[in-house]
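In: predicted model follows, preceded by the sequence.
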Amino acid sequence: MVGKRGRVIGRIGPGIVGEVMLPVRGATEAFYAYSATDEVIEVGTQVVVVDFDPPRTVYVARAI
C-alpha cells in the first residue's frame with residue numbers, strides 16, 4: 001500500500017478521519033485516511049500513501 005496514489009473523497013484534517021479511493025487488486029476501493037503531515041487535505045486532492053494500518057486505514061500526504 002505504501003507509495004500508492006489515490007484521490008481524497010472525504011476531507012482529511014488534523015485529528016479528523018477522511019476517506020480516499022486507492023487502486024487495489026485491479027479495482028478502486030475506499031480506505032479511511034489520516035493526514036501524515038497534520039494538514040487539511042480537501043476533496044479531489046491527489047495523495048500518496050506513506051503508512052498503512054491494516055485492514056483499511058492509511059496515512060497520506062499530498063502528491064507532488
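Out: Noted; the coordinates are in hand.
In: make it CA atoms for all contacts and neighbour counts henceforth
Out: Fine.
In: next, the residue of the chain most remote from its centre: phi, psi?
Out: Distance from the centre of the chain peaks at residue 26, with 17.7 Å (C-alpha atoms, centre = their mean). Torsion angles at residue 26 (phi, psi; degrees, to the nearest 10) stand at phi 80, psi 10.
In: repeat for residue 25
Out: Residue torsions, per degrees, to the nearest 10, at residue 25 are phi 50, psi 40.
In: where do the strands sit along this structure?
Out: For the chain, applying DSSP state E gives strands covering 5-10, 18-24, 27-35, 46-53, 57-62.
In: pick the most deeply packed of those.
Out: Compared across these, strand 57-62 shows the largest average neighbour count, a mean of 22 (mean count of other C-alpha atoms under 10 Å).
In: strands paired with that strand, and their directions?
Out: The pairing partners recorded for strand 57-62 under DSSP bridges are strand 27-35 (parallel), strand 46-53 (antiparallel).
In: redo the strands of the chain as a markdown table? Include mean pLDDT.
Out: What follows is the strands of the chain, written out as a markdown table (pLDDT from 0 to 100):
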| stretch | mean pLDDT |
| --- | --- |
| strand 5-10 | 98 |
| strand 18-24 | 97 |
| strand 27-35 | 97 |
| strand 46-53 | 98 |
| strand 57-62 | 98 |
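In: how about the contacts made by the residue farthest from the centre of the chain?
Out: Residue 26 makes no contacts at all, as judged by C-alpha atoms under 8 Å, 6 or more residues apart in numbering.
In: can you check residue 12 too?
Out: Contacts of residue 12 by C-alpha under 8 Å, 6+ apart are 18, 19, 33, 34, 35, 39, 40, 41, 42.
In: any chance of those in CSV, plus distance to residue 11?
Out: Formatted as CSV, these follow (distance: C-alpha to C-alpha, whole Å):
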residue, distance to residue 11
18, 5
19, 7
33, 9
34, 10
35, 10
39, 11
40, 7
41, 6
42, 5
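In: and the residues you listed, which two are the farthest apart?
Out: Greatest spacing in the contacts of residue 12, by C-alpha to C-alpha: 19 and 39 (14.6 Å).
In: which among the contacts of residue 12 gets closest to residue 4?
Out: Of the contacts of residue 12, the one sitting nearest to residue 4 (C-alpha to C-alpha) turns out to be residue 33, at 13.0 Å.
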